[in-house]
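Engineer: Have a look; sequence and predicted model below, questions after that.
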Amino acid sequence: MNDSRGANRVQDGPLPIVILISGRGSNLQAIIDKTANGELPVDIRAVISSRPDATGLAHARQAGLETRVIDHTTYEDRETFDQALQTCIDSYRPGLVVLAGFMRILSPGFVNHYRGHMLNIHPSLLPDFPGLNTHQRVIDAGSREHGASVHFVTEDTDGGPVVLQARVAVRADDTANTLAAKVLEQEHRLYPQAIHWFAEGRIFLDENGRIHLDGNLLEHPETLSEDTSAPC
Ligand code: GRF
């Protein structure tokens, strides 16, 4: 991986990134939009989908981005799929791999190869509600608060150190669908912000699995406030 640390990293030019998707691609679109309007200093080298029918591929093509499909159904096991994926990703020499609705469990070797250089976004306030169907599970649990988290990817699925979260209130009349919409709106602010921090060299994961933000140990995830565009 390219080393993306360093306080003045952005002065070396935009951070090369590769984005992995499996479906709708709305977070991808948010990243594309922020990049296109000059708010996000990244160079999206490629968008790779695990599914040939992912609608996010159309967003990428519309934006003139290079797209690749590594169809997981054509590989006999996780390791051979991950190896093909890794070879493809590395051919673009990214400094950061961005999982944006990438619906595959990744093998430890793959995850460790990108350690400290791979982010994921998850629709819950981790460590609460890892896994699938988070919105319904939040309602079933009677939680008053929900949200989304951006975290570094580690071998522990949805369990890596959390960088940034956005919170939404759960109302009595919320359904899984209304909650999903509210959380997704926050995701589209949250992910570009976390990527921005990484691109500027403001966050990194140390060898002990702890996040540093602006040179200080991040004891708790940062929270993106509801009413402003981003913390500074
Ligand atoms: C998002 O809810 C994200 O948190 C989760 O998968 C979903 C992807 O949505 N990991 P989209 O494909 O970006 O629209």
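Structural biologist: Cool, got the structure.

Engineer: The nearest residue to residue 92 once chain neighbours are set aside sits in which helix or strand?
Structural biologist: Nearest residue to residue 92, sequence neighbours excluded (C-beta to C-beta, 6 or more residues apart in numbering): residue 45, at 3.9 Å. C-betas here are computed from N, CA, C, even on glycine. Element membership for residue 45 (DSSP states H and E) is strand 42-49.

Engineer: contacts for the following helix or strand past that strand?
Structural biologist: Where DSSP H and E defines the elements, the next helix or strand beyond strand 42-49 is helix 56-62. Helix 56-62 has contacts (C-beta atoms under 8 Å, 6 or more residues apart in numbering) with 19, 21-26, 28-29, 32, 47, 49, 66-67, 69, 100-101.

Engineer: Among those, which ones lie close to the ligand?
Structural biologist: Applying C-beta under 6 Å from any ligand atom, the subset of the contacts of helix 56-62 adjacent to the ligand comprises 23, 24, 25, 26, 28, 100, 101.

Engineer: give the contact list for the residue nearest to residue 175 when sequence neighbours are not counted.
Structural biologist: Distances taken as C-beta to C-beta, 6+ apart place residue 139 nearest to residue 175, at 7.3 Å, with adjacent residues excluded. Residue 139 makes contact with 170, 174, 175, 176, 179, according to C-beta under 8 Å, 6+ apart.

Engineer: In three-state terms, label residue 80 for me.
Structural biologist: State at residue 80, reduced to three classes by DSSP: H, G, I helix; E, B strand; the rest coil: helix.

Engineer: Tell me, what's the model's pLDDT at it?
Structural biologist: If you check residue 80, the pLDDT there is 96.

Engineer: For residue 222, see how far away the residue in the chain that the ligand sits nearest to is.
Structural biologist: Of all residues in the chain, the one sitting closest to the ligand is residue 101 (2.7 Å; C-beta to the nearest ligand atom). Separation of residue 101 from residue 222 (C-beta to C-beta, to the nearest Å): 22 Å.

Engineer: just residue 62 next, same as before
Structural biologist: 32 Å.

Engineer: These two: who's more crowded?
Structural biologist: residue 222 (20 against 10; other C-beta atoms under 10 Å).

Engineer: can you give me the strands in this protein?
Structural biologist: In the chain, the segments counted as strands under DSSP state E are 15-21, 42-49, 67-69, 96-99, 118-122, 145-152, 162-169, 203-205, 211-213, 216-217, 222-224.

Engineer: Can you give the distance from the last one to the centre of its chain?
Structural biologist: Pointing back at strand 222-224 there. Between the centre of strand 222-224 and the centre of its host chain there is 15 Å, according to C-alpha atoms, centre = their mean, to the nearest Å.

Engineer: what are the C-alpha coordinates of stretch 111-127, in CSV please?
Structural biologist: The C-alpha trace of stretch 111-127 is given here as CSV (Å, rounded to 0.1, in the frame of the first residue of the first chain):
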residue,chain,number,x,y,z
VAL,A,111,-7.8,-7.5,5.7
ASN,A,112,-4.3,-7.5,7.1
HIS,A,113,-2.8,-6.6,3.7
TYR,A,114,-4.8,-3.3,3.9
ARG,A,115,-4.5,-2.8,7.6
GLY,A,116,-4.8,0.9,8.4
HIS,A,117,-5.7,1.6,4.8
MET,A,118,-9.2,0.3,4.5
LEU,A,119,-12.4,1.9,5.8
ASN,A,120,-16.0,0.7,6.0
ILE,A,121,-19.3,2.3,6.7
HIS,A,122,-21.9,0.5,8.8
PRO,A,123,-25.5,1.5,9.5
SER,A,124,-25.4,1.4,13.3
LEU,A,125,-23.7,3.0,16.2
LEU,A,126,-21.0,0.4,16.6
PRO,A,127,-20.2,-1.6,18.6
